[in-house]
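[1] I need the structure of the sequence given here:
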Amino acid sequence: MGHHGQPYNEALRRWSKCAVKRALAIVLVATAEDVSKTIIMCQSHRLPFVVKAGGHSPSGQSSIENGIVIDLSKMREVFVKPDERHVVASGGALARDVIKAAAEYGLTCVTGSTSHVGIGGLMLHGGYGYLTGEFGLAVDNIVAAEVVTAKGQIVWANEEENKDLFWAIRGAGNKFGVVTKFILQAHPVSSTVWGGVLVYTGDMVDKVVEAANNWYAKHDVKASAALALGKAPDGKAGITVLPFYNGVEQDALLNFAPFLDLTPAMRDTSEMPYWKINTLADDPYAANSIRFASANIKPQLSPEHIRGALDKLNTLYATTPEANATGALILMVQPDGIMRRAREDMAFSWRDDHFDVGVAVQFADPALEDKMVSWAQDFAAYLSTRGDSYRLYSNHSDFSASARELGINYLKVCQLKQKWDPDNLFPKL
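    Got it, this is the predicted structure:
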């Protein structure tokens, strides 16, 4: 697809407006062979290229100026092997494609908390989600992958075949090849789960934090909660809780009683299919430009710390009204699933009980981008004063600092990069 016309402009669209870049051409691939031929063509003509699955990278990691986009959006096929509890998904599949296909068999896969993200970026670099406490990270549930390498070879990677590549892609996947097919571990899920939205104003922060700590102390792996720090109905920064329970409403209400007893400013909770709960925070094409930053917080939450975060948000809203949709999401899950694997089992190394925190700054004026990115980094640094200030999560740091994203596995990843992509055709470390 050349660089003109409506189809080309539609293919340029990304979740965040500041991720849009004008490619020299966009190749809508349909098979692994198409991907292979495109990579070989780019090498022979010395053309830079990027790979686009869901297009969710806010800084535009799936976009390129004057280069080639290998667009996987035509590769969204998913089929289920219910007897093996496996889901086979093509590399361009979105989380919703996987979840809905598995749901027909009473199964699901670990994904994130929204349905419109591509599984490639999400799963290859971690993948925190509502089911992580029970079943681990999304990356832990990759059974095998079909990979197109820097040489254009189409290979399978799993625990028996190309084991070193399989180790590397699970945590540093975008630096080693294009995954054109996943085999994923699926898990039984209740016919309905419980969840929704609970909104609390900022003046309740101490009580909400106390409730969060009391709820977390119950150590129920079926329960998780996302705490969104952002603008509340009163126009000031507050806390919105997105509760989730993999079970019936009666058990969920008992589990989340510490939150429910506070009488939130707004409550909208119910039983629903698992696929639906992953759509509650969906925004496939954001109205604004968005940039991310990565933070983490070690349990328990501190009222003073969270109050300080709300104060910083209120200051931003007052000084930069265009950024009043900015916030952060603290995902509280039990560590059981995460710590089931050792740090060196795969390239993804962050095996601890810290809560992942994603900072998202939103702004309409492109001229604000540098200012907002700097603010996001400072805000993330503040949040991480109660966590590990070195650690970064790739899907929220947007692949900006490889060593801090890979932790103790960085050197081994570098060694394998020399084997599988010595010319750095894929993103550099």
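[2] Name whatever forms a beta bridge with the residue nearest to residue 242 when sequence neighbours are not counted.
    In this structure, residue 242 finds its nearest non-sequential neighbour in residue 226, 4.2 Å apart by C-beta to C-beta, 6 or more residues apart in numbering. C-beta coordinates here come from the backbone N, C-alpha and C atoms, glycine included. Applying DSSP bridges to residue 226 gives these bridge partners: residue 242, residue 331.
[3] just checking, residue 226 touches residue 113?
    Yes - at 6.0 Å, residue 226 counts as touching residue 113 under the criterion of C-beta atoms under 8 Å.
[4] neighbour-wise, which of the two wins?
    Neighbours were counted for residue 226 and for residue 113 using other C-beta atoms under 10 Å; residue 226 has more, 24 against 21.
[5] so who does that one touch?
    Counting by C-beta atoms under 8 Å, 6 or more residues apart in numbering, residue 226 makes contact with 113, 241-242, 244, 329-332.
[6] List just the nearest of those to residue 319.
    Of all the contacts of residue 226, residue 319 sits closest to residue 329, with 22.4 Å by C-beta to C-beta.
[7] and that closest one, what does it touch?
    113, 226-229, 357-358, 360.
[8] In PyMOL, select just the buried ones from those residues.
    Per 16 or more other C-beta atoms under 10 Å, the buried members of the contacts of residue 329 correspond to this PyMOL selection:
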select buried, resi 113+226+227+228+229+357+358+360
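[9] Which pLDDT value goes with residue 285?
    The model reports residue 285 with a pLDDT of 59.
[10] Against residue 377, how distant is the residue nearest to residue 123 when sequence neighbours are not counted?
    With sequence-adjacent residues excluded and distances taken as C-beta to C-beta, 6+ apart, residue 123 is closest to residue 138, at 4.2 Å. Applying C-beta to C-beta, to the nearest Å, the value for residue 138 to residue 377 is 26 Å.
[11] Which of the two has more residues huddled nearby?
    Taking neighbours as other C-beta under 10 Å, residue 138 and residue 377 compare with residue 138 leading, 30 against 18.
[12] Can you pull out the residues in contact with the helix or strand harbouring residue 258?
    Take DSSP states H and E as the rule and residue 258 turns out to sit in helix 257-260. Helix 257-260 has contacts (C-beta under 8 Å, 6+ apart) with 198, 208, 210-212, 214-215, 225, 241, 243, 253, 267.
[13] how about the strands of the stretch 151-300 of the chain, start to end?
    154-157, 178-185, 187-188, 193-200, 223-231, 237-245, 266-272, 289-297 (DSSP state E, counting those that start in this stretch).
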